[in-house]
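Asker: Sequence first, then the predicted structure:
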Number of protein chains: 2
Amino acid sequence: MASNHAPYLHVRVADTIRHLIEDSTLKTGDKVPSVRSMSRQAGVSISTVLQAYANLEADGVVVARPQSGYFVSPLAASNIRVPDRIFCSELTPRPAPAFNLWGSIYESATNDDILPLGLANPKSELLPVKGLARAVRQVLNESPEKCTQYSFPPGEIALRRQIAAQYYLRNQDVHPDDIVITSGCTESILLSLKATARPGDVIAVESPMYFVLLRIVKSLGMTLVEIESDPVTGLSIDALARALDSIKIAAVICIPNFSNPNGTLMPDEKKRRLVELLASNDIPLIEDDIYADLYFGDARPSSCRDFSVNDNILSCSSFSKTLAPGFRIGWVLPGKYREQVIQHKRLTSAATTTLSQLAIAQFMQSGAHQRHLRVLRQTFKQQVFMLREAIARYFPKGTRISNPKGGFVLWVQLPAGLDTDLLAERAMQEKISIVPGRMFSASGQYANFLRLCTGFLWSEEAEQGVKRLGEMIDEALCQGQNPPLS
Amino acid sequence: MASNHAPYLHVRVADTIRHLIEDSTLKTGDKVPSVRSMSRQAGVSISTVLQAYANLEADGVVVARPQSGYFVSPLAASNIRVPDRIFCSELTPRPAPAFNLWGSIYESATNDDILPLGLANPKSELLPVKGLARAVRQVLNESPEKCTQYSFPPGEIALRRQIAAQYYLRNQDVHPDDIVITSGCTESILLSLKATARPGDVIAVESPMYFVLLRIVKSLGMTLVEIESDPVTGLSIDALARALDSIKIAAVICIPNFSNPNGTLMPDEKKRRLVELLASNDIPLIEDDIYADLYFGDARPSSCRDFSVNDNILSCSSFSKTLAPGFRIGWVLPGKYREQVIQHKRLTSAATTTLSQLAIAQFMQSGAHQRHLRVLRQTFKQQVFMLREAIARYFPKGTRISNPKGGFVLWVQLPAGLDTDLLAERAMQEKISIVPGRMFSASGQYANFLRLCTGFLWSEEAEQGVKRLGEMIDEALCQGQNPPLS
């Protein structure tokens, strides 16, 4: 795995240029530093800079002009605006809309004929397949009997220790007994809801919100109220406070770090305000923190739980975005709801697969986990940049794209009037999977939005897929196939 | 694994004697056929008969008298009556009672200091540990990438094909697409309930009923009505018909084969009546068929699904009682509720562990599965006999014990007035796990019942544990520590 370390130098150089463009220090058409001066500034070899610039050119960030050097591409995504803030004018609880393309999103996970732009899962080419297989073999050799036996909640102590150690690394005092292992983050959220609310209760969610979570709430006979979200900083605390004044809310679900779908990152100060608001109202916060480890910056962002004052936060996560979705291992820090979460786990899946738990514990203990995460973050950072570039290049003028600082999900706003339900159906006819915006609303909002993901290794085929989506959007706009603005 | 086949002859001989005792052809004190005559009758060698009789003696079924031969032991369980039929006089839905020893039952699964008489799980000494480990390694070698990836519902086709083949072997026409893989039978039942009923609905269950299923119903905000059960043939169809006349029932849960806890086996004619009654009322039947493969007789009993007339049965099972509870693999044949079950599976655990699914498919394909089941059935048959004998020997006169024809669970009725909640607490102080009867009722019935299981390899220690339980019961009866009969 020499590739774990070798690419860092040229990636770092390319990132410097990207940051200068994002900061608007370098604007469209500006000349980027010469190869020679960059080599001197960055203290790296000429060939490293050439490699970095070649990659940037391939990504469409810069263009080379013969005899003159490299210039910021007019297609660089720096001028693309993030999506609008959509006001959730109605606070009345509503049922979530039905959706008939759901099966096709999942199909794209296993059907290689489909371009999985709709799927927020890492494909195996981005995952430490060999390391995990080695860990499984080692566990099988050491304790084959144990693998056949139940691992009842809270789950394997070896894995809980490794997870606690991750929190410890960022100065969070988490004891292994504070952790309950689950069969993935979906189950973590389900158990958290069951532990804190009952059928008929109202659950407040930031909007837009990951469609599975909306539907879990509905499946439990609970109702939803959508709280609007700032396109950069996430859930509006003011809007939530207003909702609390007018509706009895049993729990709040929020994705503070690199929210799915809109990629927002809640600043620490806002996290603190959110936690305090809910603590003073004695309302539990269910935090979906599954993307937090996939940050593009220097350090992992805080979780809301870090600011907890009364143990009233259930912080949910999993290894499905970073290690192996097929292993089905997640966890929850349930705070004061530990006993309720454990009881409901017994009534949901009884226990979590033993071998998966032990293998991930083994993999983490070997140190391979941190190395893998470092590489994966760089990969996603580059891929999100490339997907964003491709959208900017091929989608109509006026398209807005989220600019997340982590994860691998983009939230795209198309011209008003365009119906992405129709677009998703049309795209699936050509084996391209996308998720239409309405999926992320409990009240049919976001009809002209869509979610695109890059959980696979970026390729010319993906580029062509985005291009083809752009053509479909153009056709829809020209032919007026979409319903008029309501 | 020579032991797979060699023991059959002497086991068959011993079974013949056991049957003669059960039929009351041979009574306490009667002489059993001489070794020579049995050898001739059964067409086996003298040494095989000697081995059979020695085992029977070790099990307490016969006693040897020097120069005279073997005689039916006064302790043989043939005269022990099965528990009473308890009439569920009230049809009013009630909440399930709380229970505070639940954690300790689960603890006995992993804590080797506890004698797990309460745990209805096979321990690894009874499971094909090596064969499963080999299957896991083979899958890892052949498709390591696939193991990291989601296996969305309905689940891996390789496994669904193997399961369908099992049904095919007993002339049931099941297509792989009729099967949805789950994370164990608990999830199968949960999904079946979610697919057929909503919060507030009433679910009818046979009584006594496996405590986890009672609590799943409650956790979904549904209410329970208990239908009485015949101690030999299971759920009373007449009582169910009366309930249907007076209450609107959304679904019925039944364990027709070797019911947990009372071991009943519903005859085919009764299964047919049950299916027809529910079909004519258009009420779905949720069938927990998890013990069916563990029959002691010549053939697997039918499932209610075999008699289906309108596709309104959800038949649930898993590999947790036969292969490896820790692998967390079950399935459901959801009939016409397939789409709903798949939708709810996405909202419960998203997917089932890929490696577990592929490994079990591999294990089944190798033929090892059928061989393993043959051995396991014999083992459980012997062990249930031995546990029953030990209870008969050490528990007070008047104790009644179920006499199941499959599985590894016994339902024990103690003298009226004895409180098994107290007994369970006392037993746990001495590291013996049992499950008190009230756990199996939604309305606090069965206070003088308990469930005992033999999912571990029978041992002198287990014998001593049962003896100690008997002493505790005697103490409780003598000291009048129990509340008076209500």
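Answerer: That came through fine.

Asker: What are the buried residues along the top helix by length along chain A?
Answerer: Once chain A is assigned using DSSP state H, the helix that runs over the most residues is helix A:368-394. Residues of helix A:368-394 classed as buried by neighbour count (16 or more other C-beta atoms under 10 Å in any protein chain shown): A:368-369, A:372-373, A:375-394. (C-beta placed from N, C-alpha, C; glycine too.)

Asker: likewise stretch A:239-254?
Answerer: For stretch A:239-254, burial by neighbour count (16+ other C-beta under 10 Å) applies to A:239-240, A:243-244, A:249-254.

Asker: Same list, the buried residues of helix A:368-394, but only the ones touching chain B.
Answerer: Residues of the buried residues of helix A:368-394 in contact with chain B (C-beta under 8 Å from any C-beta of the partner chain): none.

Asker: And the one residue in the stretch 351-486 of chain A that gets nearest to chain B, what's its pLDDT?
Answerer: Going by C-beta to the nearest C-beta, chain B is nearest to residue A:354 of the stretch 351-486 of chain A, at 3.6 Å. Looking at residue A:354, its pLDDT reads 98.

Asker: Could you verify my assumption that it touches residue A:143?
Answerer: No - contact criterion C-beta atoms under 8 Å: residue A:354 and residue A:143 do not qualify, at 9.2 Å.

Asker: For residue A:332, give its distance to residue A:278.
Answerer: Separation of residue A:332 from residue A:278 (C-beta to C-beta, to the nearest Å) stands at 17 Å.

Asker: sorry, that was for residue A:396
Answerer: Counting by C-beta to C-beta - residue A:396 and residue A:278 are separated by 41 Å.

Asker: When residue A:354 and residue A:143 are compared, which one has more neighbours?
Answerer: Taking other C-beta atoms under 10 Å in any protein chain shown, residue A:354 and residue A:143 do not tie; residue A:354 has more neighbours (27 against 16).

Asker: Give me the nearest residue to the more buried one, chain neighbours excluded.
Answerer: Of all residues not flanking residue A:354 in the chain, residue B:326 sits nearest, at 3.6 Å (C-beta to C-beta, 6 or more residues apart in numbering or on different chains).

Asker: Could you report the pLDDT at the one you found?
Answerer: The model's pLDDT for residue B:326 equals 96.

Asker: Around chain B, pick out the residues from the stretch 301-450 of chain A.
Answerer: Counting by C-beta under 8 Å from any C-beta, the stretch 301-450 of chain A comes close to chain B at A:320, A:323-328, A:343-344, A:346-356.

Asker: Weed out the non-buried ones from those.
Answerer: A:320, A:323-328, A:343-344, A:346-356.

Asker: Could you tell me which residues make contact with the most centrally placed residue in chain A?
Answerer: Relative to the mean C-alpha position of chain A, the nearest C-alpha, by C-alpha atoms, centre = their mean, is the one of residue A:407, at 4.2 Å. Neighbour list for residue A:407: A:258, A:260, A:263, A:291, A:294, A:321, A:380, A:384 [criterion: C-beta atoms under 8 Å, 6 or more residues apart in numbering or on different chains].

Asker: following the lowest-mean-pLDDT helix or strand in chain A, which helix or strand comes up?
Answerer: Every helix and strand of chain A was ranked by mean pLDDT, DSSP states H and E. The lowest is helix A:102-110, at a mean of 77. Going down the chain from helix A:102-110, the next helix or strand is helix A:129-142, by DSSP states H and E.

Asker: Break chain A down into its structural domains.
Answerer: Annotated domains of chain A cover A:2-78, A:80-85+A:95-125+A:370-479, A:128-369 [automatic domain parsing].

Asker: Checking the residue lying closest to residue A:155 once chain neighbours are set aside next. Helix, strand or coil?
Answerer: Spatial nearest neighbour of residue A:155, chain neighbours left out: residue A:181 (2.7 Å); criterion: C-beta to C-beta, 6+ apart. The local conformation at residue A:181, judged by DSSP: H, G, I helix; E, B strand; the rest coil, is strand.

Asker: who does residue A:181 bridge with?
Answerer: In this structure, residue A:181 bridges to residue A:331 when assessed by DSSP bridges.

Asker: Contact partners for it?
Answerer: Each residue near residue A:181 by C-beta under 8 Å, 6+ apart is listed here: A:151, A:153-156, A:159-160, A:329-331, A:352, A:357.

Asker: In helices only, show me those residues.
Answerer: Applying DSSP H to these, the entries found in helices are A:159-160, A:357.

Asker: Tabulate those residues in TSV, adding columns for pLDDT.
Answerer: As requested, the ones in helices among the contacts of residue A:181 are exported to TSV (pLDDT from 0 to 100):
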residue	pLDDT
A:159	98
A:160	98
A:357	98
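
Asker: The stretch 201-350 of chain A: helices as residue ranges?
Answerer: With DSSP state H, counting those that start in this stretch, the ranges of helices along the stretch 201-350 of chain A come out as A:211-219, A:237-246, A:268-280, A:338-346.

Asker: Can you tell me what sits against the first one?
Answerer: It stands for helix A:211-219. A:95-96, A:99, A:186, A:189-190, A:193, A:203, A:205, A:223-224, A:253, A:288, A:435, A:439-442, B:194, B:344, B:346-347, B:350.

Asker: ok, and for it, which residues are buried?
Answerer: Within helix A:211-219, the residues scored as buried using 16+ other C-beta under 10 Å are A:211-219.

Asker: Helix A:102-110 and that one, what's the angle between them?
Answerer: Orientation check (axes from the mean of the first three to the mean of the last three C-alpha atoms, to 10 degrees): helix A:211-219 against helix A:102-110 gives 140 degrees.

Asker: for the longest one, same thing?
Answerer: Here helix A:268-280 points in a direction 130 degrees away from that of helix A:102-110 (the same axes, to 10 degrees).
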